[in-house]
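Asks: Requesting a structural model of the entry that follows:
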Amino acid sequence: MGRMGLLVAVVIVGAMFTGCSSKSKLTDAQAQIDRLETQVNELESELEIEQTRAAELTAELENSLAEFKEKEQVWVEQQNMRSVITVSEAVMFESGSVYLSPTGREIVARIAQATSQYPRRNILVEGHTDDRPIGPTLGEKYPTNWELAAGRACAVIHYMSAQSNVRSAQLAAVGYGEHRPIADNDTTDGRAMNRRVVIVIGPESE
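Replies: Below is the predicted model:
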């Protein structure tokens, strides 16, 4: 049963349980069905529009970041109404720090430039690490991988805000630390894959 069929069934069953059998009650029920159908159509239209916008932005990002994609430093994909960019930590940050590397700054600037053409998009920057404990160099300031991941995510949004007309209200940062791995932390390659920044760009209405 589709969504519209389910809505119709809910209205009819509601009428049955309340003893609605008169013509006026059935007319009211039909009016409610019509209103619900209109709302469903509007939502489906809005969803289609947002998916189209996401596809356009994703294509623009793929083009802008093509040289980094070829080097397997950046991955770009569309997930429904979202554009998702994953960047390797190795290319994004200076070794053992939360400071963006020159290449990292270039990548963030290009993402910001592309996104600025879509003002009604929110941007969430996720910081991810492997499961290794923080070393002594960073340990005093970032006692766990949560703080390190959040610090790197914040570094991205600060630079993005400074380098473009992306509004601060559109930006958010979160640190997941080692708790959302995408590969095996028991291997060198797996740990490298887990150390990443993910930039999720989606509609304000989401």
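Asks: Make sure I199 is actually in contact with V156.
Replies: Yes. Using Cβ atoms under 8 Å, I199 is in contact with V156, at 7.2 Å. Yep, even glycine has a C-beta here, placed from its N, CA and C like the rest.
Asks: Which one's more surrounded, the two?
Replies: V156 (28 against 25; other Cβ atoms under 10 Å).
Asks: Quickly find the element holding that one.
Replies: V156 is part of helix 145-163 when elements are defined by DSSP states H and E.
Asks: What's the first helix or strand after the longest helix along the chain?
Replies: Once the chain is assigned using DSSP state H, the helix that runs over the most residues is helix 23-64. Note on helix 23-64: by DSSP H and E, the next helix or strand toward the C-terminus is helix 66-70.
Asks: Domain parsing of this protein, as residue ranges.
Replies: 3-47, 52-203 (automatic domain parsing).
Asks: So which of those domains has the densest surroundings on average?
Replies: domain 52-203 (a mean of 17; mean count of other Cβ atoms under 10 Å).
Asks: Endpoints of it, how far apart?
Replies: With Cα to Cα, to the nearest Å as the measure, domain 52-203 spans 11 Å from end to end.
Asks: Distance from that domain to the middle of the chain?
Replies: On the basis of Cα atoms, centre = their mean, to the nearest Å, domain 52-203 is displaced by 11 Å from the centre of the chain it belongs to.
Asks: And the helix holding V156, what does it pack against?
Replies: helix 89-92, helix 102-115, strand 121-128, strand 171-177, strand 196-203 (3 or more Cβ pairs under 8 Å, 6 or more residues apart in numbering; DSSP states H and E).
Asks: cutoff 7 Å now
Replies: helix 102-115, strand 121-128, strand 171-177, strand 196-203 (3 or more Cβ pairs under 7 Å, 6 or more residues apart in numbering; DSSP states H and E).
Asks: so which of the ones you listed gets nearest E72?
Replies: Closest approach to E72 among the helices and strands packed on helix 145-163 (Cβ to Cβ): strand 196-203, 12.1 Å.
Asks: got the contact list for the closest one?
Replies: 50, 57, 81-89, 92, 111, 115, 120-128, 152-153, 156 (Cβ atoms under 7 Å, 6 or more residues apart in numbering).
Asks: rerun that using 6 Å as the cut-off
Replies: 50, 81-89, 92, 115, 121-126, 128 (Cβ atoms under 6 Å, 6 or more residues apart in numbering).
Asks: Tell me which residues touch the residue nearest to A155 when sequence neighbours are not counted, please.
Replies: What sits nearest to A155 in space, not counting adjacent residues and going by Cβ to Cβ, 6 or more residues apart in numbering, is V98, at 5.1 Å. Going by Cβ under 6 Å, 6+ apart, V98 touches G151, R152, A155.
Asks: which one of those sits closest to A169?
Replies: Of all those, A169 sits closest to A155, with 18.9 Å by Cβ to Cβ.
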